[in-house]
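Engineer: no FASTA, just this:
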Ligand SMILES: [Zn+2]
């Protein structure tokens with residue numbers, strides 16, 4: 001079995017994700033790119049997931065533009081709601 005290949009990409013938190021090209025899982029996340037290698041060495045692809053990918057049951061959803069992950073949610077202000085006036 002060949003060793004997996006990893007792709008590094010910036011994540012929404014400003015750090016880096018290491019994406020396994022074989023199983024399409026994020027193998028590691030770290031604030032700095034050079035910190036990813038230790039976790040990459042520990043990564044083992046899930047054979048069930050590899051089978052599912054080979055069958056086309058899992059799509060390459062992780063390989064998406066960065067904008068996909070950085071959708072900002074509008075925060076609702078927390079506080080007392082105005083009481084509706086009765087007329
Ligand atoms: Zn993998």
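Structural biologist: Cool, got the structure. Nothing here was measured: the structure is a model prediction, and the numbers come from that model.
Engineer: tell me which residues form a beta bridge with residue 9?
Structural biologist: residue 17 (DSSP bridges).
Engineer: gap between it and the ion?
Structural biologist: 15 Å (Cβ to the ion, to the nearest Å). All C-beta spots, glycine's among them, are computed from the backbone N, C-alpha and C.
Engineer: now residue 26
Structural biologist: 9 Å.
Engineer: contacts only, for the residue lying closest to that residue once chain neighbours are set aside.
Structural biologist: Using Cβ to Cβ, 6 or more residues apart in numbering and skipping residues adjacent in sequence, the residue nearest residue 26 is residue 17, 4.9 Å away. Shown in contact with residue 17 (Cβ atoms under 8 Å, 6 or more residues apart in numbering): 8, 9, 10, 11, 26, 28, 29.
Engineer: from what I can see the second one touches residue 15, true?
Structural biologist: By that I understand residue 9. No - using Cβ atoms under 8 Å, residue 9 is not in contact with residue 15, being 10.2 Å away.
Engineer: with respect to the ion, which of the contacts of residue 17 is nearest?
Structural biologist: The closest of these to the ion turns out to be residue 26 (Cβ to the ion; 9.5 Å).
Engineer: surely the closest one and residue 9 touch.
Structural biologist: No - at 9.3 Å, residue 26 does not count as touching residue 9 under the criterion of Cβ under 8 Å.
Engineer: what is in contact with those two at once?
Structural biologist: Common neighbours of residue 26 and residue 9 (Cβ under 8 Å, 6+ apart) are 17, 19.
Engineer: pull the contacting residues for the nearest residue to residue 21 once chain neighbours are set aside.
Structural biologist: The shortest distance from residue 21 to any non-neighbouring residue, by Cβ to Cβ, 6+ apart, is to residue 5 (4.4 Å). Contacts for residue 5 (Cβ under 8 Å, 6+ apart) come out as 20, 21, 22.
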